[in-house]
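A.B. asks: pasting the sequence and the predicted model now:
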Amino acid sequence: MVALRIEAASKAFAGQPVLRDLDLTVEPGQLLAILGASGSGKTTLLRLICGFERLDRGRIVIGERVVAGPGLHRPPEERHIGYVAQEGALFPHLSVAANILFGLPRRQRRDRQRVEALLALVGLPAAYAARPPQALSGGEQQRVALARALAPAPSLVLLDEPFSALDAGLRAETRAAVAAALAAAGATALLVTHDQGEALSMGDAVAVLRDGRVAQRASPQDLYRHPLDTALARFVGEAVLLAGVVRDGRIHCGLGALAAPPGMADGAVEVLLRPEQIQLLPAGASPLRAEVLGGNFFGHDASVRLRLLDQPAVDMLSARVGGQATPEPGQIVSLSVAGPVAAFPAAAASP
Amino acid sequence: MRHRLPPLALLAAGAMVALLVLLPLAETLLRAGRIGATGAASLLLRPLVGVLLYNTLILIAAATLAAGLLGTAAAWCVERTALPGRGVWGVLAAAPLAIPAFVTSYAWVSLSPGLQDFNGALLVVTCAYYPLVYLPVAAALRGLDPALEESARVLGAGAWGCFFRIVLPQLRPALLGGMLLVALNTLTEFGAFALLRYRTFTTEIYAEYRVSFDGAGAAVLAAVLLLLCLLCLLAEEWLRGRARYGRLGQGTRRAARPQSLGRGRIPVLAAFALLVAITLGVPLGTLLFWLTQHATAATAPAGTAWGPLLAATAASLGLGLGGAALTLLFALPLGVLATRYDGPLITLLERCAYLAQGVPGLVVALALISLTLDALRPLYQSTALLLLAYAIVFLPLALVGVRAALLQAQPALEEAGRALGLGWLALARRVILPLAGPGLAAAAAMVFVSVVSELTATLLLAPIGTRTLATQVWADTATLAFAAAAPYAALMTALSLLSAWLLARRFGRGGIFAVG
Ligand SMILES: Nc1ncnc2c1ncn2[C@@H]1O[C@H](COP(=O)(O)OP(=O)(O)O)[C@@H](O)[C@H]1O
Ligand SMILES: [Mg+2]
């Protein structure tokens, strides 16, 4: 059994297709992150699952129940879904407690212990129960919104970029609290985001939404290390792409001869490395020499722009180094490559 | 807004305006006080006062309820359903505000004298004032984030549950505020009730004043009416201060998905058609009917005489322009103080000005008459005194517009102009006027329309021989000369509708709100 199954879902607005024959399943207890650029249809997908919008074609099954399909559209209140909107959408005229208990049957709406348990679940003190939502910070509002969504014990929780309106510090903290609460509740969840870091760090699995379809669905590690094409490689992180040739199990490219991924056929390829795979060594420590052109310093790390000496075919590389040891522009360094690299046959590199 | 001291002259001007507003209020209460406790008690404990109180309160209760239901239902259908022609219905639902209530009442009375009772009064008041609920509720619905309703639905609330648990609580401030405005207007309305022969405080005060110039009875009744009005105003103020459910967060939001009406479409359309027929069709249609009747269907003097019509129009326009100018002159210092400076004194002055909203035109006029008779005889029945009455009565209206206009020219923009080397004259001409000018003109236009259709103060204070459109309608309808009244009423209504239309085109649907 799966918690959510979407089959060949299509949706267009004014003739403009947003989702085209999208297929997706979510396993019970799983947190699936959906990663997509802004405008790729992430919110539309969630709104279709909630029943705020009607499918053009296809089917949506939650648990065992078909909730949308040809000639069928169950209203949102019959779908038993938890939904956390982008800005929480707390009811401004109700207290935190009343917000949290909103979705419960009338008899259970006085249950103070339930409120306290849910507040504890999302990491908020019980004293918040009586507050108006206006008295909460953005992150706290999101946590209350999650508690409200979890209160009726829904079979599925949908989160629509719940952290995008928060500033950086609050975002990390709220992410951790939300992940912990979802795990503690054992909820099946679908988290939508345009932030790769968020998708990779929070999702048990990540599905990338592109051109109205799921372009790739994999574990975060697999997605980062083995994207299906170069566009996906660039979308899920910073990528260094080099032209190369595979011969006898080795890739020959500007960075020398590297081990080819197993089963790679001979021929022209595009090689994918992540900047953190390129290591900077003192000059002369390896035959690969490069000049430092400049860099961006972020504190915990820095990105360094390099030009390979002796290799006019490769014009620029970028590498990532720790924040404690950043080279000066003009400095000559040596390079080495750490870990396995990925490669795409040159013809089919880009969709 | 900064905490710096305003120029003394500006402060003095503001204080003078505030005192002028308080003058009729104080005079009314003092005059009632002079009667003495026993005298007042005997005047208050008359059965008549009981009747008036009953008539007034039962009408207010029924009218606010009817207007609340009608206004909310209309607003919801226009803003949230897939009603065909929503835009047109929205304008038509607001339009009755531009027809003076006593013209509506004239239309109904001329149709059927049987309406001269509670039912007629309720009908006329509801027709004339339900837009006071419709407009703020529609605005609140437009401002309501659909994400809230969606969240409620996905949490298991059905369509009705969602309306009662989410939408209605959010609408409450707008709804109750609108209903209080209906109550306030019902309290202060005079012309409509006089024509309908429905006895309320205003009609009785007028009658007693006509009988004896300086009657203690009128003074006591005026004080009671004033207190009732101030009570309404206080309630509105309290409401405004209390519930302001700000939206949480500030991201962009989706437009609301209009609710499909399904099989209800035809009945709802029919209901709207009926509503428009009753609130607009009957008054305007009746006016047209009487315009084409050559004074045969009702007792009347000879057919349309162009001379008096022109004279009345000129008088109305002249008073309208003068009234608008003086009111704006009064509102400007207060507006500048309120938007550019800060402090308890300025808040106090502004509050005083808004207090005028709770002082009926009738009470202002009577107070001014008694004041001038006591102390300033030459002013009695002068045009100047009438203009002063207008300025007091319509000051709150002007102040709302002036404030909004001056806020358009934000201090930061002024400072930018200053920094670019503009002197204050150049600043006023090149920065403030272009920004605030349209708003100021709109404020003046609103006062102008209100003056043209004002009846009570005009009736009491107009210099001997001055006849305006409004007083002409009053005089003719009072003698059942409906056909004779028609040209005056039609001109007045046309002026009012035209201005409302211009204002709405310039400032959106809310523009109509201020008229009437
Ligand atoms: N109600 C709507 N009407 C018309 N176009 C819409 C509507 N909702 C979304 N769209 C369009 O669909 C596309 C996807 O929108 P959305 O699902 O909000 O993207 P995302 O959440 O990934 O940023 C956008 O181009 C958007 O303009
Ligand atoms: Mg979105």
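C.D. replies: Nice, I can see it. Ligands and ions are numbered 1, 2, ... in the order given.
A.B. asks: can you give me the helices in the stretch 51-200 of chain B?
C.D. replies: Remark: helices assigned in the stretch 51-200 of chain B by DSSP state H, counting those that start in this stretch are B:86-94, B:101-111, B:118-129, B:131-143, B:146-154, B:159-162, B:168-188, B:191-196.
A.B. asks: tell me which residues of the helix or strand just after the last one are tucked away?
C.D. replies: Toward the C-terminus, helix B:191-196 is succeeded by helix B:201-211 as the next helix or strand (DSSP states H and E). By neighbour count with 16 or more other CB atoms under 10 Å in any protein chain shown, helix B:201-211 contains the buried residues B:F201, B:T202, B:T203, B:E204, B:I205, B:Y206, B:E208, B:Y209. Where you see a C-beta, it was placed from the backbone N, CA and C, and this is true even at glycine.
A.B. asks: returning to what we had before: let me have the helices of the stretch 51-200 of chain B in a markdown table, adding distance to A:V321 as columns.
C.D. replies: What follows is the helices of the stretch 51-200 of chain B, written out as a markdown table (distance: least, CB to CB, whole Å):
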| stretch | distance to A:V321 |
| --- | --- |
| helix B:86-94 | 61 |
| helix B:101-111 | 79 |
| helix B:118-129 | 74 |
| helix B:131-143 | 51 |
| helix B:146-154 | 44 |
| helix B:159-162 | 55 |
| helix B:168-188 | 54 |
| helix B:191-196 | 83 |
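A.B. asks: for those helices, which one sits closest to ligand 1?
C.D. replies: helix B:146-154 (10.6 Å; CB to the nearest ligand atom).
A.B. asks: quick one on the thing from earlier: and the helices of the stretch 51-200 of chain B as CSV, adding distance to ligand 1 and mean neighbour count?
C.D. replies: Formatted as CSV, the helices of the stretch 51-200 of chain B follow (distance: least, CB to the nearest ligand atom, whole Å; neighbours: other CB atoms under 10 Å in any protein chain shown):
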stretch, distance to ligand 1, mean neighbour count
helix B:86-94, 17, 18
helix B:101-111, 42, 26
helix B:118-129, 37, 23
helix B:131-143, 17, 23
helix B:146-154, 11, 23
helix B:159-162, 19, 14
helix B:168-188, 22, 22
helix B:191-196, 46, 27
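A.B. asks: the most centrally placed residue in chain A sits in which helix or strand?
C.D. replies: By CA atoms, centre = their mean, chain A has its centre lying nearest to A:A199, at 2.0 Å. Using DSSP H and E, the element containing A:A199 is helix A:196-202.
A.B. asks: contacts for that helix, please.
C.D. replies: Helix A:196-202 has contacts (CB atoms under 8 Å, 6 or more residues apart in numbering or on different chains) with A:31, A:33-35, A:163, A:175, A:179, A:191, A:193, A:206, A:220, A:223-224, A:235-237.
A.B. asks: which other helices and strands does the helix or strand following it contact?
C.D. replies: Per DSSP H and E, the first helix or strand lying C-terminal to helix A:196-202 is strand A:205-210. Applying 3 or more CB pairs under 8 Å, 6 or more residues apart in numbering or on different chains; DSSP states H and E, one finds that strand A:205-210 contacts strand A:31-36, strand A:213-218, helix A:220-225, helix A:230-235.
A.B. asks: which parts of the third one are buried?
C.D. replies: Think helix A:220-225. Under the neighbour-count criterion of 16+ other CB under 10 Å, helix A:220-225 has A:P220, A:L223, A:Y224, A:R225 buried.
A.B. asks: so how far is it from its chain's centroid?
C.D. replies: Put simply, helix A:220-225 sits 11 Å off its chain's centre (CA atoms, centre = their mean, to the nearest Å).
A.B. asks: near chain B, which residues of chain A?
C.D. replies: Chain A comes close to chain B at residues A:50-52, A:75-77, A:79-83, A:85-94, A:102-103, A:133-134, A:138, A:141, A:148-149, A:152, A:165, as judged by CB under 8 Å from any CB of the partner chain.
A.B. asks: return a selection command, for use in ChimeraX, containing the buried ones of these.
C.D. replies: Selecting only the buried entries of the residues of chain A next to chain B in ChimeraX, with 16+ other CB under 10 Å as the criterion:
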select /A:50,51,52,76,77,79,80,81,82,83,85,86,87,88,89,90,91,92,93,94,102,103,133,138,141,148,149,152,165
